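Chemist: could you look at this predicted model? Sequence included:
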Amino acid sequence: MRNRILIVEDQPDIRKLIWMTLEFGDYELHEAENGDDGWRKAQAFRPHVMLLDVMMPGSMDGLQVCAKIKSDPALRDIRIIMLTARGQKTDIEAGMAAGADAYLIKPFSPLELMDRVEQFLSAPDRRAA
């Protein structure tokens, strides 16, 4: 079975860069353009890993989506990597407080992103399919 990854990013060029970084891995990739769409797709696809921007249009930003997922018993095992331009210490603390499993700052290293994704997918506590 392929590992499911959900990319939640409002900027098409950044979504494309993330997609290109991950497309050759053995992943089933899904995209969402905002927090509301990301929340719906997380419920529908139940990804193993979610790459989540903070600043997005819609009624929920990335921090709200993260907190909502981590408070839902059916979804809380999704590993969330915040992938955002917000890099101040208080931003990182807010992301981790919302339940993020990792926090990467844009511009990000594609190799670091791949390493984080693989780290979470190979972890023994990863949710079963």
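Modeler: Okay, I see it. Numbering: from 1, shown residues only.
Chemist: hey, where'd the strands end up in this protein?
Modeler: For the chain, the strands defined by DSSP state E occupy 3-8, 27-32, 49-52, 79-84, 102-105.
Chemist: just the ones you listed: most buried one?
Modeler: Highest mean neighbour count of the strands of the chain: strand 49-52, a mean of 28 (counted as mean count of other CB atoms under 10 Å). Placement of C-beta: from N, CA and C, glycine included.
Chemist: what pairs with that one, parallel or antiparallel?
Modeler: strand 3-8 (parallel), strand 79-84 (parallel) (DSSP bridges).
Chemist: the strands of the chain into CSV, with extra columns for mean pLDDT and distance to L113?
Modeler: Below are these laid out as CSV (pLDDT from 0 to 100; distance: least, CB to CB, whole Å):
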stretch, mean pLDDT, distance to L113
strand 3-8, 97, 11
strand 27-32, 96, 12
strand 49-52, 97, 8
strand 79-84, 95, 7
strand 102-105, 95, 6
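Chemist: what about this structure, any weak spots by pLDDT?
Modeler: 1, 124-129 (pLDDT under 70).
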